[in-house]
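> Build me a model from this:
(2 chains)
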There are 2 protein chains.
Amino acid sequence: MMPDLEKRILPVIMCGGAGTRLWPASRDSMPKQFISLVDGEPSTFRRTLERVADPAVFERPVVITASDARFIVAEQVQQAGIAADIVLEPERRDSAAAVAVAAHRAAEQGPDTVVLILAADHVIGDADAFVAACRAAASGAAAGHIMTLGIRPTGPATEYGYIQTGARLPGAAGEHGACHVERFLEKPDAERAAGLVAKGALWNSGYFLFRADTLIQELAAHAPEVSAAAKAALEGATKDLDFVRLDPAAFAAAPKISIDYALMERTSRAGVLPVAFPWSDVGSWNALWAVSPRDPDGNVVRGRAALAGTRNSLVHSDGEILTAVVGLEDVVVVTTPDAILVTSRARSAEVKDLVTQLRREGHAEADEHRRMYRPWGWYQRIDIGTRFQVKRIMVKPEGRLSLQKHYHRAEHWIVVKGTAQVTVNDDVSLVHENEAIYLPIGSMHRLVNPGKIPLELIEVQVGSYTGEDDIIRVEDVYGR
Amino acid sequence: MMPDLEKRILPVIMCGGAGTRLWPASRDSMPKQFISLVDGEPSTFRRTLERVADPAVFERPVVITASDARFIVAEQVQQAGIAADIVLEPERRDSAAAVAVAAHRAAEQGPDTVVLILAADHVIGDADAFVAACRAAASGAAAGHIMTLGIRPTGPATEYGYIQTGARLPGAAGEHGACHVERFLEKPDAERAAGLVAKGALWNSGYFLFRADTLIQELAAHAPEVSAAAKAALEGATKDLDFVRLDPAAFAAAPKISIDYALMERTSRAGVLPVAFPWSDVGSWNALWAVSPRDPDGNVVRGRAALAGTRNSLVHSDGEILTAVVGLEDVVVVTTPDAILVTSRARSAEVKDLVTQLRREGHAEADEHRRMYRPWGWYQRIDIGTRFQVKRIMVKPEGRLSLQKHYHRAEHWIVVKGTAQVTVNDDVSLVHENEAIYLPIGSMHRLVNPGKIPLELIEVQVGSYTGEDDIIRVEDVYGR
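Numbers count the residues shown, from 1 in each chain, chains lettered A, B, ... in the order given. Predicted coordinates for the structure are as follows:
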């Protein structure tokens, strides 16, 4: 056993990524850190929360995320049963601004508070080894170093940055193997990667541990604008439902730069703890294949699939779709109800460029999932035709849609599970399973789940235009 | 111009195949000859009908098909605007029985009637050359030969049988290049195929032309049981709506054998006309690729698709699905709402085995399409959950569903296009666009489209069991 920590570590989970590299399972409307990538497994964000849940080691975690993702974050925090603070970035300003916010917020709890910066979308194979590494690195942080975790390479990867280690750190951290950072190195080509691995360089995991005051001092020296913007954004922050919303104008003043460029490559106080637990940033479908359990043919299969003569492949089949792969090797096949990806493992990193191309060509599937999550639940289009559209809608217990009306469509709601409380103009009624209600065009209406179980209904829209933007919101409990 | 024919040719289209080789686009519930395989093109069955539509050359065509496919055949015959007789096989008995039925039926029009046997699922690149070939071969048939069309190979294919030609036929057919058949050869391996092509052997197309009396005589000599069964099945045939339904017991007595084995390899009267028009039996996805127009990267793309760094591939994307392929060569990707196939062009013929495997494993997608065609129109499941199911239903003008009831589900119908006439127990009412009607559990109901445009409605089923077999049909105009 390790000795007790003098102070608990404050985990700050960076949760703002879009995850286009795992399209079409991951999209802007539901990025990869929030989806289950392995059958029966929760999302990597939930796993990350669980990893820092031990109150003997960690303070109540902070999640920094994009405003658009706030309801998903809140829901998954609740599902994990872990209390957390949620800080909302009004816009994406890269990692330096977010880390600066974390440091300034931690300083309010005490200038010597040790902060752990974690990514929400990593897979770690050994949770205990991770916690032990955090504790060891925390002693370096407590001594005034800005510590990173350096992963011992399992091969000459070209998709990670590398860290060259220097002299052993003095004190407790040094006893655990922590060193000064000699140099941070950009993602190398294959040849250079092999040389780096041979010389004992480590992968840059993107995990950082530091004392709040250390980081604030170093930011003041190397990136004062970032620090000032983060401080002002926190001072101007407002509480919005359960969220801390950073001041938009102040935050927008932060330069868009990563913490590596802004600080780590410039400070003389960088330290690194070499670690050897299984780790992946799941930065491509191939990375997911590599980190997942494989069957005797080397395949990773999820969902309904039939493989024949197929080896070393990843097949990720969504919902009810049956995905058949015949006579192929080293391929990636990802099927969702509205978008399908087929690529090779070797070239799966190019999916990021594909998504850019799809956006340019105006394909909504680039960013939007068929199932769209809302604070009250979700909706999913199940059919569309000329002058009509059909959706399945789920409302959580106590969920309330906004009071709204449409100019171009009437709606029929048929409850298939649970009970709905429906307001149409001045009338309020309960609609039960196997009952229907009609919302005439132009009527003011609201849908509420007053019950204890999820409400599901089928909505049939009929009208000259069924676009999502034909909605006049009169009142909304979620502040939209 | 060719001289006028003394007698017109009677085309008989063999339309009974299941087409599992083009799964999942082609399935038992809608085999490949009935689907559009190339954007904007009608089905190969419709193209086949059109190819024999010139009344200066051809008699009114006969279609021989499986009983299950009768409504699709009738609909596509109607769409083509071509009058045809439709003969229904009570079960599949291979090609000899069907050809024998064609011969006996033709003999009723006159023993010297020249019959052309055609497949419904072939692609022919030059319709005029095909008709000219039929006319030339018909002169050989009129002279008492059982003629085939022999395709000049474009390469050493292993998926076709071959024909070795003998001496030139005497008379008019010989002037067109027709020869005696020296020998029919089974599908060869690659080496043997190359040798056959070098020696001038032809592909066996499966097209036959013969006088009715010639074929009946030769069947009497070589396959008397097939001939007797076919004759009896015709004599016992009944008219059912617009169909001629062969006598099931008599037809079942026909040996299950192909016309090649039963007759062509045994008769001394086989002749062949070498032809050189572009032809394919579209026996695999690779064959479809080979016969389709390709873009500069060698790709054949249909539907919504995004390709990056992909060459010499076939991408067939159904309906609204967006199919993305990145960094692959020589692959086949076929996407439908409920089943996806990914394979290589080289191994696409193995799809037939895959379908067998899927059947064994009990996957309904092996045989059933999401959209199920019925004599009155079609239905398609668009969503399913615990205790509910949602369908989109299309009823053709004047289409009438059976009078029916369900023991385990209630139904809500919302009309989204056209007008429905709905009977519920003793009440009949008209339901217009944007109106709904409720069918309580156990109620006797019927749906009719009394209008001039297709009726479309959304059906929401709610109940403890929503399987297709919970249907009690009381009366049905289509004789089901």
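
> ok now stretch A:71-86, how far from the chain's centre?
On the basis of CA atoms, centre = their mean, to the nearest Å, stretch A:71-86 sits 12 Å off its chain's mean C-alpha point.

> Repeat that for stretch A:86-97.
With CA atoms, centre = their mean, you get 13 Å for stretch A:86-97.

> Quick check: buried residues in that stretch?
A:86-90, A:93-97 (16 or more other CB atoms under 10 Å in any protein chain shown). C-beta here means a position set from N, CA and C on the backbone, and glycine is covered the same way.

> mind listing which of the residues you listed are in strands?
Judged by DSSP state E, strands contain the following of the buried residues of stretch A:86-97: A:86-89.

> Any chance of a markdown table for those residues, columns pLDDT and distance to chain B?
Formatted as a markdown table, these follow (pLDDT from 0 to 100; distance: CB to the nearest CB, whole Å):
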| residue | pLDDT | distance to chain B |
| --- | --- | --- |
| A:I86 | 96 | 31 |
| A:V87 | 97 | 35 |
| A:L88 | 96 | 31 |
| A:E89 | 95 | 30 |
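
> ok, so of those residues, who is nearest A:S139?
Nearest to A:S139, judged by CB to CB, of those is A:V87 at 26.9 Å.

> which ones are touching that closest one?
Counting by CB atoms under 8 Å, 6 or more residues apart in numbering or on different chains, A:V87 touches A:62-65, A:101, A:105, A:237, A:243-244, A:246.

> Quick check: the gap between it and A:H104.
11 Å (CB to CB, to the nearest Å).

> What sits closest to A:A223 if chain neighbours are left out?
A:A262 (4.2 Å; CB to CB, 6 or more residues apart in numbering or on different chains).

> And what about the one you found, helix, strand or coil?
helix (DSSP: H, G, I helix; E, B strand; the rest coil).

> before we move on, what about the one 10 residues further on?
Reducing the assignment to helix, strand or coil with three-state DSSP, the entry for A:V272 is strand.

> how about the nearest residue to it, chain neighbours excluded?
Nearest one to A:V272, counting by CB to CB, 6+ apart, is A:G150 at 4.2 Å.

> and the one you found, what does it touch?
Per CB under 8 Å, 6+ apart, neighbours of A:G150: A:163, A:165, A:202-205, A:272-275.

> again, only using 10 Å
Counting by CB atoms under 10 Å, 6 or more residues apart in numbering or on different chains, A:G150 makes contact with A:137, A:162-165, A:177-179, A:181, A:201-205, A:207, A:271-275.

> Next: A:L116.
A:9-13, A:52, A:57-59, A:61, A:102, A:134, A:137-138, A:141, A:147, A:149, A:207-210.

> residue boundaries of the strands in the stretch 1-150 of chain A?
A:9-14, A:62-66, A:85-89, A:114-119, A:123-124, A:146-151 (DSSP state E, counting those that start in this stretch).

> For the stretch 201-350 of chain A, which segments are assigned as strands?
A:202-211, A:238-240, A:243-245, A:270-275, A:279-280, A:300-302, A:305-308, A:314-317, A:322-326, A:331-335, A:339-344.

> and the ones you listed, which one is worst for confidence?
For those, mean pLDDT drops lowest on strand A:238-240, to a mean of 88.

> How many neighbouring residues does A:W376 have?
Using other CB atoms under 10 Å in any protein chain shown, A:W376 has 23 neighbouring residues.

> what sits against A:R51?
A:11, A:13, A:44, A:58, A:61, A:118, A:122, A:124, A:127-128, A:130-131, A:134.

> could you measure it against A:V57, distance?
From A:R51 to A:V57 the distance is 10 Å (CB to CB).

> same deal with A:R302?
From A:R302 over to A:V57 (counting by CB to CB), the distance is 33 Å.

> In this structure the residue nearest to A:A223 contacts A:A96, no?
Yes: look at A:A262 against A:A96 with CB atoms under 10 Å: they come within range, at 3.9 Å.

> Spit out the residues that contact those two alike.
A:219, A:222-223, A:225-227, A:254-255.

> Check the residues you listed and tell me the two furthest apart.
So, the shared contacts of A:A262 and A:A96 by CB to CB: farthest apart are A:H222 and A:A254, at 14.1 Å.

> These two: which is more packed in?
When A:H222 and A:A254 are compared for neighbours, A:A254 comes out ahead with 27 against 17, by other CB under 10 Å.

> which residues touch the more buried one?
A:89, A:91, A:93-94, A:96-98, A:100-101, A:223, A:225-230, A:232-233, A:246, A:262.

> let's see 8 Å
Residues in contact with A:A254 (CB under 8 Å, 6+ apart) are A:93, A:96-97, A:100, A:225-226, A:229-230, A:233.

> what are the phi and psi angles of it?
Backbone torsions of A:A254, given as degrees, to the nearest 10, read phi -70, psi 130.

> Please name the nearest non-neighbouring residue to A:L196.
Here the residue nearest A:L196, using CB to CB, 6+ apart, is A:Y162, at 4.9 Å.

> how far away is that neighbour from chain B?
26 Å (CB to the nearest CB, to the nearest Å).

> Hmm, A:H222 and the residue nearest to A:A223 touching each other?
Yes: the pair A:A262 / A:H222 is scored as a contact, 6.7 Å apart, by CB atoms under 8 Å.

> Contacts for the helix-or-strand element of chain A with minimal mean pLDDT next, please.
Sorting the helices and strands of chain A by mean pLDDT, DSSP states H and E puts helix A:171-175 at the bottom, at a mean of 83. Contact with helix A:171-175 is made by A:136-137, A:139-140, A:143, A:145, A:147, A:168, A:271, A:273, as judged by CB under 8 Å, 6+ apart.
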